[in-house]
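Q: how would this look folded up:
(2 chains)
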Amino acid sequence: MYVKKIAVVGAGTMGADICYTIATRGIPVVLRDVDEAQLTRAKKHIQELFDGRVGTNKMTLADAQDRMGFITFSSRLEDLDGVTLAIEAVTEQIRVKEAVFRELDQTLSSMALIVSNTSALSISHLAEVTGRPDRVAGMHFFYPAHMMKLVEVIAGDQSSDETIDTVMRLAEEIRKIPVRVKECPGFVVNRVLMASMAEVLRFKEEHDIAAAEIDQAITEAKIAPMGPFFLADALGLDVAYEVAQYLTQALGARFRPSDELKNMVAEGHLGMKTGHGFYSY
Amino acid sequence: MTAETKTALLTRFQLATFLEAVRLVDEGIASARDIDIAMRAGAGLVVGPLEWADTTGLDVIVQQLEQMQEIIGERFKPPASLLTKVARGQLGRSTGQGYMAYHGS
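A: Numbering: from 1, shown residues only, chains lettered A, B, ... in the order given. Purely as a prediction, here's the structure:
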């Protein structure tokens, strides 16, 4: 299917970055949010991204203005008229996502596809709240979405092959690298990262070695661009702990978070955002 | 950290990464090639975990896993799909076939 016009629902940083990426390729896109203040912040953020491109001579001012013109910032459902694919990028709470999926299902043409940018919730479940479960899929972008190349394209139980093909093509059209993934807890990247993170957390406890020393050994060996402890701090230790628990329940004890992580979260040390985690900021 | 401890750390990190990637292949979640692409483009790994194993040699990986299984526990047990490959002589890059196929030199 040809994707003529896109809607991104949820104007947080993720939604705004995705919207910017789409507009850069000259595809009309509506950034929808019920909160006008959020839309204003998103518009400013996207304008800054274009200004950055112009400032570093990656784009002319005229092109930047032209691409910005492909975006409609809107809180009105009427502006979704003509949308053939909607990307849901609201907060990771199932009730909120369900409400967005129901609203999109009622608003958009029966031919339109609805995809979720969730990193953890069930695509098959979200599909079931719509009358078009075959036209629902996952499109998992990585933060920051305008820089990270990967998109995990997730097929739910009922996603049709045509739906997946369309989402794969769209991802390529916006210059991303899509991979096909069948639905499972954590999908591919987060599942593998969390498995190795849990292992390194155990290693730290067993050997009583500083986080920085372990991170340094891993980055110096040129295995990964950043060590697992730095990554956990950046992600937020509360998020890391929650995901680790979820994966432990779903997939087994190899994901179980160490007591050290649990204690840090309990003490309110959540990484970069609180100024203290495995490192101090 | 001593050189020995550092080696133990890196081996453990890489084997844990590899084992989870193999589980994804075995469960049919994604292809070996796509998993490697995802870990490079989405997590910035320099080499994908399956290509890393294929390059190291799957027979060597089995030996490392068996040692880890003994020292650390059952979660490092070599997966059946890996043992099958090694039994068939598919040792990775050196034989042209491992988790992925390699053509030419």
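Q: Can you verify my assumption that residue A:27 contacts residue A:8?
A: No: using C-beta atoms under 8 Å, residue A:27 makes no contact with residue A:8, being 11.0 Å away. In this view, the C-beta of every residue, glycine as well, is placed from N, C-alpha and C.
Q: Compare these two and say which is more crowded by neighbours.
A: Shown here are residue A:27 and residue A:8; by other C-beta atoms under 10 Å in any protein chain shown, residue A:8 has more neighbours (29 against 18).
Q: Which residue ranges of the chain form helices?
A: Using chain A. Ranges of helices within chain A are A:13-24, A:36-55, A:61-68, A:94-107, A:123-128, A:161-173, A:189-207, A:211-220, A:228-235, A:237-251, A:259-266, based on DSSP state H.
Q: wait, chain B
A: All helices of chain B, identified by DSSP H, fall at B:3-26, B:32-43, B:49-56, B:58-71, B:80-87.
Q: and those helices as CSV, adding mean pLDDT?
A: Output for the helices of chain B, formatted as CSV (pLDDT from 0 to 100):
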stretch, mean pLDDT
helix B:3-26, 97
helix B:32-43, 97
helix B:49-56, 98
helix B:58-71, 97
helix B:80-87, 98
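Q: Of all the ones you listed, which one is nearest residue A:115?
A: helix B:32-43 (17.2 Å; C-beta to C-beta).
Q: End to end on stretch A:178-196, go ahead and measure it.
A: With C-alpha to C-alpha, to the nearest Å as the measure, stretch A:178-196 spans 23 Å from end to end.
Q: now it: how far from the chain's centre is it?
A: Mean-position distance between stretch A:178-196 and its chain equals 13 Å (C-alpha atoms, centre = their mean, to the nearest Å).
Q: next one: stretch A:195-212
A: 27 Å.
Q: Can you list the buried residues in it?
A: Buried residues in stretch A:195-212, counting neighbours by 16 or more other C-beta atoms under 10 Å in any protein chain shown, are found at A:195-204, A:209, A:211.
Q: and the residue most central in space within chain A, what is it in contact with?
A: Nearest residue to the geometric centre of chain A (C-alpha atoms, centre = their mean): residue A:141, 4.1 Å. Listed by C-beta atoms under 8 Å, 6 or more residues apart in numbering or on different chains, the contact partners of residue A:141 are A:14, A:17-18, A:117, A:148, A:151, A:176.
Q: same thing but at 6 Å, please
A: A:18, A:117, A:151 (C-beta atoms under 6 Å, 6 or more residues apart in numbering or on different chains).
Q: Most proximal residue of the stretch 1-150 of chain A with respect to chain B?
A: Closest to chain B within the stretch 1-150 of chain A is residue A:150: 3.5 Å, counting by C-beta to the nearest C-beta.
Q: Around that residue, count how many other residues there are.
A: Number of residues near residue A:150 (other C-beta under 10 Å) recorded here: 22.
Q: now do residue A:184
A: By other C-beta under 10 Å, 17 other residues sit near residue A:184.
Q: Now do the phi/psi pair for it.
A: Backbone torsions of residue A:184, given as degrees, to the nearest 10, read phi -160, psi 160.
Q: Would you agree it is in contact with residue B:29?
A: Yes: if you go by C-beta atoms under 6 Å, residue A:184 and residue B:29 touch, sitting 5.0 Å apart.
Q: Need the per-residue pLDDT for residue B:105.
A: Per-residue confidence at residue B:105 stands at 53 (pLDDT).
Q: For residue B:57, give its distance to chain A.
A: 18 Å (C-beta to the nearest C-beta, to the nearest Å).
Q: pretty sure that residue contacts residue B:93?
A: No: if you go by C-beta under 6 Å, residue B:57 and residue B:93 don't touch, sitting 7.9 Å apart.
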